[in-house]
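>>> model the structure of this input:
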Amino acid sequence: MTDQIAIRAEGLTKHYGEVEALVDLDLDVRRGEIFGFLGPNGAGKTTMIRTILDEIRPTAGKASILGMDSHQQSVEIRRHIGYVPGDLAMYPNLTGRDTLTYFANLRGGVDWSYIDQLAGRLDADLSKKVGDLSSGNRQKVGLIQAFMNRPDVLIMDEPSSGLDPLVQREFQKMLREVAAEGRAVFLSSHTLSEVQRVADRVGIIRHGRLIAVEAVADLRSKAIRKISVYFDAPVDGAVLEGLPGVRAVTTENDHVTLSFDGQMETLLKVVTQQFHVMDITTQEADLEEIFLTYYRDEEVNV
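Residues are numbered from 1 along each chain as shown. Have a look, this model is predicted:
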C-alpha cells in the first residue's frame, strides 16, 4: 500500500557534467522501519539525500516523501521530517539551547520538556556555545534538532560521527523507538557495525547505482560464517565436505572447523545424526564481509 511508503525514489538520476552521481535509482522505504543506506564516501549517498529533499534537482526521475512530491510540496514535507546533514553547520556564537530555540521557532514551537529529555539521554550540554563544543557534542545538538518535533520521517547522513560508544548506544535505542512508533528512519552511513545493529533493511550503493536491497537478517543468513564442531572422538572431516554450503574443512582429532554459507538446519542434522557432538561454536556473519563481497562481485561484473 502506498500509504505505508515513507520515502519513494523512481528512476532518480543526477549527473554533474559527465559524472554520474546517481543512476536510475528506484527505492521504497516503509513506515515503521530503519533503512540503512550503505556505501563508501563518493558512492552517491549524500547526493541521493539532497535530491529527495529538493536541495538539488534530479537530472531525471522523481522522489516523494509521505506521498508528497519532493519538489512541488517541499515546504510541507519539511513539517514532517527531521534531518541531520553529513556536513552539519551551526552558528558558532549561539549556545546549543539558542540553536534549538532558533530551529523551534522555524517549526512554530516544540515541546521543550521533550528537548530536555533528549539532551539528558544524549548527555548534551546546551549551555555552551556551539563553537566551543567538540565535534561529537555539536553532533548531539544536531541530533536533538532532528528528533525534537517527533517527525514522521528521520533522514540522517552519517549521524554517529564523533559520538562516543555509550551515546551511540542510546542514539540507536532512540532510532528503534521511532520505528516502533510506526515512523521511518533513513540512515545513510559507511559505518557497517552501526547499520548492522539497528537496520531492518539495507541498500548498498556503488558509483551511484543501487546494487542490492535486502533484509539484514537475509544478508546474515547468506553470509559465510566460521563454524567449529567438537566431537567426543576423532572424526573424518571429509564426511562434511560434500554438504551444500560447506567449504574449507580442516580436521584436528575431535575438532572440525569449516566455512559455511548454507542452511544451519541441514548441517546440524548431518553432524548430530552421524556423530556425538560435544559443542558447536559459530562466528556470526559480519555485514562488512558481505558488503565487501558485493563490491568485489560488482568489480568482476563491470
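>>> how near is Ala124 to Ser189?
Separation of Ala124 from Ser189 (C-beta to C-beta, to the nearest Å) stands at 21 Å. All C-beta atoms are positioned from the backbone trio N, CA, C, and that covers glycine.
>>> kindly report the same for Gly203.
11 Å.
>>> overlap of the contact sets of these two?
Gly36, Phe37, Leu38 (C-beta atoms under 8 Å, 6 or more residues apart in numbering).
>>> the first one: neighbour count?
In other words, Gly36. 25 (other C-beta atoms under 10 Å).
>>> centroid residue for this protein?
Closest to where the C-alpha atoms of the chain average out (C-alpha atoms, centre = their mean) is Gly36, at 2.4 Å.
>>> is it true that that one lies in a strand?
Yes - using DSSP: H, G, I helix; E, B strand; the rest coil, the assignment for Gly36 is a strand.
>>> sorry, back to before: reformat the shared contacts of Gly203 and Ser189 as JSON lines; add distance to Ile155 and pLDDT.
Below are these laid out as JSON lines (distance: C-beta to C-beta, whole Å; pLDDT from 0 to 100):
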{"residue": "Gly36", "distance to Ile155": "13", "pLDDT": "95"}
{"residue": "Phe37", "distance to Ile155": "10", "pLDDT": "94"}
{"residue": "Leu38", "distance to Ile155": "15", "pLDDT": "88"}
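>>> show me the shaky parts of the stretch 101-250 of the chain.
Low-confidence segments of the stretch 101-250 of the chain (pLDDT under 70): 220-223.
>>> now the helices for it?
With helices called from DSSP state H, counting those that start in this stretch, the stretch 101-250 of the chain shows them at 112-122, 135-147, 165-180, 192-198, 216-222, 238-241.
>>> what is the burial count for the nearest residue to His255 once chain neighbours are set aside?
Using C-beta to C-beta, 6 or more residues apart in numbering and skipping the chain neighbours, the partner closest in space to His255 is Tyr230 (5.5 Å). Around Tyr230 there are 14 other residues, counting by other C-beta under 10 Å.
>>> 506 is where my numbering starts, stick with that
Sure thing, new numbering starts at 506, so read that last one as Tyr735.
>>> contacting residues around Tyr735?
Asp759, His760, Val782, Met783, Asp784, Ile785.
>>> my guess is Ala568 meets Glu515, correct?
Yes - if you go by C-beta atoms under 8 Å, Ala568 and Glu515 touch, sitting 7.2 Å apart.
>>> who has more neighbours out of the two?
Ala568 (22 against 14).
>>> take the helices of the stretch 606-755 of the chain and lay them out in TSV including mean neighbour count and distance to Gln509.
Listed next are those as TSV, based on neighbours: other C-beta atoms under 10 Å; distance: least, C-beta to C-beta, whole Å:
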stretch	mean neighbour count	distance to Gln509
helix 617-627	16	26
helix 640-652	22	22
helix 670-685	15	13
helix 697-703	19	20
helix 721-727	15	19
helix 743-746	14	44
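>>> could those go into JSON lines alongside distance to Phe765?
JSON lines is the format used below for these (distance: least, C-beta to C-beta, whole Å):
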{"stretch": "helix 617-627", "distance to Phe765": "40"}
{"stretch": "helix 640-652", "distance to Phe765": "39"}
{"stretch": "helix 670-685", "distance to Phe765": "29"}
{"stretch": "helix 697-703", "distance to Phe765": "19"}
{"stretch": "helix 721-727", "distance to Phe765": "11"}
{"stretch": "helix 743-746", "distance to Phe765": "9"}
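>>> right, and the ones you listed - which one's nearest Gln778?
Nearest to Gln778, of all the helices of the stretch 606-755 of the chain, is helix 743-746, at 11.1 Å by C-beta to C-beta.
>>> helices or strands up against that closest one?
strand 751-757, helix 769-779 (3 or more C-beta pairs under 8 Å, 6 or more residues apart in numbering; DSSP states H and E).
>>> hmm, back to that, and of the helices of the stretch 606-755 of the chain, who's closest to Gly549?
helix 697-703 (16.4 Å).
>>> which helices and strands does the closest one pack with?
Helix 697-703 packs on strand 539-543, helix 670-685, strand 689-694, helix 792-806, going by 3+ C-beta pairs under 8 Å, 6+ apart.
>>> 10 Å instead, please
Under the contact criterion of 3 or more C-beta pairs under 10 Å, 6 or more residues apart in numbering; DSSP states H and E, helix 697-703 touches strand 539-543, helix 670-685, strand 689-694, strand 706-711, helix 721-727, helix 792-806.
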